[in-house]
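Asker: Show me how the following folds:
(chains A, B and C)
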Amino acid sequence: MPQLVQPHPVEPSSALLEGLNPRQREAVLYRGPALLIVAGAGSGKTSVLTRRIASLLETREAWPSQILAITFTNKAAGEMRERVRGIVGHASDGMWISTFHSACVRILRREAEVFGYASGFTIYDSGDSRALLKRLVKQYEADVMGLSVANVAARISKLKNELVDAETFSRQVNPSDPKDALFLTIFREYSRALQSANAFDFDDLIAQTVYLFRAFPHVAEPYRRRFRHILVDEYQDTNHAQYALIRELTKPVAELPGASLTVVGDSDQSIYAFRGADIRNIVEFEQDYRDATVVLLEQNYRSTQTILDAANAVIANNFDRVAKNLFTDTGAGAKIVGFTGYSGHDEAQFVADEIERLHRDGLDYREVAVFYRTNAQTRALEEILIRSAVPYRILGGTKFYERAEIKDAMAYLIAVANPADALAMRRILNSPKRGIGQVTETQLAGYAERNGITFREALRHAGEQGFGPKVAKAITGLSDLLDEATAMTAPPSPDAAPIPVFDVLALLMQKSGYVDALRASRDPQDEARLENIEELLAVTKEFQKNDPDGLLIDFLTETALVAAADELDDSSGTVSLMTLHTAKGLEFRAVFLTGIEEDLLPHRMSANEPGGPSEERRLFYVGITRAKERLYLSLAMTRNSYGETSVSAPSRFLAEIPAELIEWRQSPGMTGPGAGGRVAGSLSWSGGAAGAAPGQAKPKTEWPNRVTGKVRDNGELELAPGDRIRHDDFGEGRVQAITGSAAKRIAEVQFDTAGRKRLLVKVAPIVKL
DNA sequence: GTGAAGGGGCTTTTT
DNA sequence: GCCCCTTCAC
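Answerer: The predicted structure is shown next:
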C-alpha cells in the first residue's frame, strides 16, 4: 500500500493553477474530509475538478487507483480522463472515472457471485422492464384495478431509488388495500423474475450495490480501503440510492479514516427530481459530513452578461433557494432574440433560417444547438431542417437500441452471454419466424418450471415435449446455434485472444436466418432494418477497434449504458438537437430554446407535482445558461399534438426576463389580429389562432419516420441557375446556384415572397416550372 | 401460426 | 399521428 496521507503535500506545479481565480484555486487545493463546491453554471467546475484530481496525482498525495470520480455521462467521464491525462500523462492510468451506473456495474460484475448472481448478468433497460411488467400486469389482471404497466414501472423505480425493496415495502403497505396488495405481488414477482433471469434493471444497479455493501462488509471493505478520494459531479441530481452508495464508500475502515469526498453541484440546476433526485443531498451536505468546507464559484466564463442577466432574473423567481448571482467580465454581448411563429413549422423555419444566417457569418454548425422540452417537438424541426439542408443530429430521441431489429440482435447476444435470461430467449424464439408461436412458448416455459430448469435448458429437451417434428427441429436448431456461438465466446485457453463480438453477431444473424428473412421480405421497411443490423455490426467492429480485448459482456455493458449526451460528436459538423434535460452540462456558442409556451415549459404535467413549476424554471435556466454568445427564444401560436392543432400561450417564464434584454423579431403580441400587446402582461393570444396567417395554409407534407428512411424523393431532378421552381410552402422562386453533388445537391433559391433559401434538391417539396 | 385491418389510447423529462 | 393490441381470415 502506498503512503496514504502526506503531512506536507508538495506544492502543485504553477501550471496547474494557471488562470484560476482565487475561489477556483481554493477548490483545487483544499484538503480535508469533505468539500462542497457550489458551482454556478459556466463557472469552470470541470476545469476545477480535473485540476483537483491532477494535483492529487502530481503531488503524490494519491495514486491513480485511489481515485474514484463520478460524472453524469460516459462522455463527460471520457473527457475528464483525457484532460487529467493531458496534465499528468500516464500517471493517471488506473483511476475510476465513470458514471454511477458504470461504476456499479463494474463492482457488481466482480462481486455478483457473492449474492447469488452470475457475472454475466443482463442489464434491463426501461423497455425490458416494461416488457416484463406487461406480462405480470396481464397475468394478474392488474389493469382493471387501475395499475397500468407505466405506473407500476414508475412506482417500482421510485421505490428502488429510495432503497425500498419488495420485502421492505411489504412491511409498509396496508395489506387490506387490494390495490396495494396487488402492486406488492407484482413488485415481488418482478424482482423474482429479474433474479432468476440473472438480470438487474437500471435502478438495481445502484440499489443492489448498496445492499451488497451493507450485507457483506468484507465485500465493501476493499473498496473503502482503495478509494481514498471520491469526487462526485452534478451532485444536485443524485437520488437517495446514489447518496447511500457514496456514504457506504466513504465509511472508515479499521485504522483508516473515511475517504475524502468532494462533491460539485448547483441546486439551481437540479432537474431530475422526477427520477428521485433529492436536492437535500446537496442542501444538507454540511450536516451530513461534519467538517465540510464549502467553496462558492460564481464567476461565469461561458456566457455574455446579457444571457446571465436573463438567467439570474428567471431563477430569482424560485423562492426556496440560496441567493446566487452569476457574473462575467466579458461584456454585454448581443441581445436575446425572440420569435413567435404561427405554427411549430413556422417556428422551425425561423430556427433554420437563423442557423443558416449564423453559418454564413462563419459560425460552425457544431457550435449551434436547438433545445426543446419534449421529444415530440423534434418532428417539425426535423422536417424543416431537412428541407433547408441544415445538417443536424438528434441526441437521444433516435433510440437506435430501442428498435425492434436491434433489440432482436442484442437479444441473441444476451442469450449467449446470459443463458438464464428468459426474456431474451423468448424474444428470439420466433424471430425470424420459425413457426414457434404462443402455445409452444408457453409449453416450453411450463416444462422449464415443472422441471426446475431454465428456459434455455428446456429448449434442449424439445424432443421430449410432444412437439411436431417441424417445431421440434426449429427449437433444436436455435439451441444448437446458441451453443455454437457460446463455444466461440469461450476460447480453449485462457490467454487466447477472444473471438471478436463482430464474428459472434455475424454468425448469429446469418445462421439464424434473421438477415435472410429481412432480405426476402417485400416490406419496404425491412430494407432499412437490414441496414440497421449492418450498422450494429459496424458498431461491434468499432468496439473491437477501441478495445481489442473487449469481451461480449463488455460490449453488452457499454451499449446498455449509453446516455443521450454520449452521442454528441464534436467532429461531426452538425447542429445538435436535444431535450433540455440532455443539454445539462453542455455549452454552445448559439442556442435556440424552442417551444417556450405554457403547458410545454412549464409542462402541463408538472403543474400538479410538488415542486414541479420550480423544477421547470430550473430547466429553463439550464437551457439559457448553455449559451455562450447568442440566445434565441422561440414559441408558436399553435402546435400540433395528437394530430390535432391546438392554441398555445406564451410561457410565464418569458415575462420573467427583463424586456430590454430581448429583441423581438416577432413578439407574441404582434402575431394575432389586434397586434401590439405586450408579451409579458397578459399571457394569452389576442384573438387566438384565428385569421389566415401566412404560415397556417401550409399543405400537409408526409414525412414518414426514419425507420423507413423514405422521404420525398425528386430523383435526379435537373436544376440549373436561372430555373424557376415552385415550393409547397414558399411559392415560386428562381434558382440562384447549385452546390454539392448527388444526394447532397443544394439549390440556392430566391423566392418571390419568402426570401432566399437553401434547399436539398433531392427531398425539397419543389417542382420545376 | 401468420398477416392484414381496424380501434383505442397515449407522451414530460432519463440512466 | 402513431403505436400497439385485438380481431379475423387464411
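
Asker: For the stretch 1-150 of chain A, which residues are neighbours of DNA strand B?
Answerer: Residues of the stretch 1-150 of chain A lying close to DNA strand B (Cβ under 7 Å from any atom of the strand) are A:73, A:99, A:100, A:101, A:125, A:126, A:148, A:150. Where C-beta positions appear, they are placed from N, C-alpha and C, glycine not excepted.

Asker: Might you report the residue contacts of the third one?
Answerer: I take that to be residue A:100. Counting by Cβ atoms under 8 Å, 6 or more residues apart in numbering, residue A:100 makes contact with A:70, A:205, A:206, A:238, A:242, A:245.

Asker: now with 10 Å?
Answerer: By Cβ atoms under 10 Å, 6 or more residues apart in numbering, the residues touching residue A:100 are A:70-72, A:205-206, A:209, A:232, A:234, A:238-239, A:241-242, A:245-246.

Asker: repeat for the second one
Answerer: Residue A:99 makes contact with A:70-77, A:105, A:205, A:233-234, A:561, A:563, A:566, according to Cβ under 10 Å, 6+ apart.

Asker: Filter the residues of the stretch 1-150 of chain A next to DNA strand B down to just the ones in helices.
Answerer: A:100, A:101, A:126, A:150 (DSSP state H).

Asker: And the residue of the stretch 1-150 of chain A that's closest to DNA strand C?
Answerer: Among the residues of the stretch 1-150 of chain A, residue A:134 lies nearest to DNA strand C; the distance is 6.0 Å by Cβ to the nearest atom of the strand.

Asker: just chain A next, same as before
Answerer: residue A:643 (2.8 Å).

Asker: what about that residue, distance to residue A:229?
Answerer: 54 Å (Cβ to Cβ, to the nearest Å).

Asker: Between the two, point out the one with more neighbours.
Answerer: Ranked by neighbour count (other Cβ atoms under 10 Å), residue A:643 and residue A:229 place residue A:229 first, with 21 against 5.

Asker: The more buried one against residue A:54, yeah?
Answerer: No: at 11.9 Å, residue A:229 does not count as touching residue A:54 under the criterion of Cβ atoms under 10 Å.

Asker: number of nearby residues for the closest residue to residue A:51 other than its chain neighbours?
Answerer: Excluding its sequence neighbours, the residue lying closest to residue A:51 (Cβ to Cβ, 6 or more residues apart in numbering) is residue A:28, at 4.8 Å. A count of nearby residues for residue A:28, using other Cβ under 10 Å, gives 23.

Asker: How is residue A:28 assigned, secondary-structure-wise?
Answerer: Here residue A:28 is recorded as helix under DSSP: H, G, I helix; E, B strand; the rest coil.

Asker: same deal with residue A:573?
Answerer: Residue A:573 - assigned by three-state DSSP - is coil.

Asker: what's the distance between it and DNA strand B?
Answerer: Separation of residue A:573 from DNA strand B (Cβ to the nearest atom of the strand, to the nearest Å) stands at 23 Å.

Asker: okay, now that residue: neighbour count?
Answerer: For residue A:573, using other Cβ under 10 Å, the count is 12.

Asker: Contact partners for residue A:212?
Answerer: Residues in contact with residue A:212 (Cβ under 10 Å, 6+ apart) are A:104, A:107, A:108, A:111, A:112, A:114, A:115, A:117, A:219, A:220, A:248.

Asker: So what's the residue count around the fifth one?
Answerer: The one in question is residue A:112. 18.

Asker: Quick check: what element follows the helix or strand bottoming out on mean pLDDT in chain A along the chain?
Answerer: Scoring the helices and strands of chain A by mean pLDDT, DSSP states H and E places helix A:668-671 at the bottom, with a mean of 63. Using DSSP states H and E, the helix or strand that follows helix A:668-671 in sequence is strand A:724-727.

Asker: Residues contacting that next one, please?
Answerer: Residues outside strand A:724-727 that contact it (Cβ under 10 Å, 6+ apart) are A:387, A:717, A:719, A:731-735, A:747, A:749, A:751-752, A:754, A:757, A:759, A:761, A:764-769.

Asker: Poorly predicted segments of the stretch 351-500 of chain A, please.
Answerer: Judged by pLDDT under 70, the stretch 351-500 of chain A has its weakly predicted residues at A:397-398, A:491-494.

Asker: and it, which residues reach DNA strand B?
Answerer: A:373-376, A:396, A:430, A:433-440, A:471.
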